[in-house]
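In: here you go, sequence then predicted model.
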Amino acid sequence: MTTIGNNLQQVLGRIAQACDAAGRDPASVRLLAVSKTFDADAVRQAASAGHRAFGENYIQEGVAKIAALQADAPPWTPRLQWHCIGPVQSNKTRQVAEHFDWVHTVDREKTAQRLSDQRPAALAPLDICIQVNVDGGATKAGVPPGEALALALAVARLPRLRLRGLMSIPDVAPDFAAQLAVHAAVKALFDQLRHEGGEGFESFDTLSLGMTADLEAAIHAGSTMVRVGTGLFGTRPAHA
């Protein structure tokens, strides 16, 4: 087994242990492998070990990687699922709409509208998470918690999108208790939106929360998808 394959098993083990400690079914938490800055061969190794969902931050890098892996995949190979987890600029929405399966970083109605307008009719609706700036940092992406419901309702009305949930990237916290507190705030908002939403919220089931350093606290708080990069692929290349 490759090093990436070994790392994958270790990360899955951490997820299972965290779920056990939180009294949750491990099947309720999905792993998103964050492959940004790593080459297509690293993704191939993870895919060969059985993983299928990958997250990319940089649109052009992600599109090139998607194309490379589609080109050399045998026809019987289960297709990979691609998640955009980086900022989506207006001039990149078409590439995202045409190549990705999920977008975790929608924080403006204008972006959502462009993604819906540019999503090819032949593809399934694009799965969308609203990014929430739970810490309130002035330079951080994400909609303020108080504006999340209005944006979610707007996304739910768009025909080529499917509203799936919330995503957040909190500031680094010093310990488990601090991590848990901020993650719990996002989970409370998630529950509020699921309760207050209506039509278009039928698939609102995803809380994209937690990374390599804090996945245990995120799972304890209720995350359904953890985004792990260095824990799976190792230290990022220096040029990244």
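Out: That came through, no problem. Numbers count the residues shown, from 1 in each chain.
In: drop to CA atoms for contacts and neighbour counts, all remaining ones
Out: OK.
In: any weak-confidence spans in the protein?
Out: Per-residue confidence of the chain (counting by pLDDT under 70) places the weak regions at 1, 76, 137-139, 238-240.
In: and with 90 instead?
Out: 1-2, 70-79, 135-140, 172, 235-240 (pLDDT under 90).
In: show me the helices in it, by range?
Out: For the chain, the helices defined by DSSP state H cover 3-22, 40-48, 59-71, 93-99, 109-118, 148-156, 176-196, 215-221, 230-233.
In: go through those helices and pick out the most buried.
Out: Counting by mean count of other CA atoms under 10 Å, helix 215-221 has the highest mean neighbour count of these, with a mean of 24.
In: what helices and strands are in contact with it?
Out: Taking 3 or more CA pairs under 8 Å, 6 or more residues apart in numbering; DSSP states H and E as contact, the helices and strands that helix 215-221 lies on are helix 3-22, helix 176-196, strand 225-228.
In: roughly how far out does it sit from the chain middle?
Out: Chain-centre distance of helix 215-221: 15 Å, with CA atoms, centre = their mean, to the nearest Å.
In: need the CA coordinates for that helix. PDB is fine.
Out: What follows is helix 215-221, C-alpha atoms only, in PDB (Å, rounded to 0.1, in the frame of the first residue of the first chain):
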ATOM      1  CA  LEU A 215     -11.600  17.000  12.900                       C
ATOM      2  CA  GLU A 216     -12.300  15.400  16.300                       C
ATOM      3  CA  ALA A 217     -13.900  18.600  17.700                       C
ATOM      4  CA  ALA A 218     -15.800  19.100  14.400                       C
ATOM      5  CA  ILE A 219     -17.200  15.600  14.500                       C
ATOM      6  CA  HIS A 220     -18.200  16.000  18.100                       C
ATOM      7  CA  ALA A 221     -20.000  19.200  17.200                       C
END
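In: what does it rub up against?
Out: Residues from elsewhere that reach helix 215-221, judged by CA atoms under 8 Å, 6 or more residues apart in numbering: 14-15, 18-19, 21-22, 29, 176-177, 179-180, 183-184, 187, 209-210, 226.
In: repeat that for stretch 133-151.
Out: For stretch 133-151, contacts defined as CA under 8 Å, 6+ apart pick out 87, 105-109, 130-132, 168-171, 182, 185-186, 189, 193, 197.
In: again, but for stretch 222-240
Out: The set of residues that contact stretch 222-240 without belonging to it, under CA under 8 Å, 6+ apart, is 4, 7-8, 11, 28-38, 42, 55, 184, 187, 206-212, 215, 218-219.
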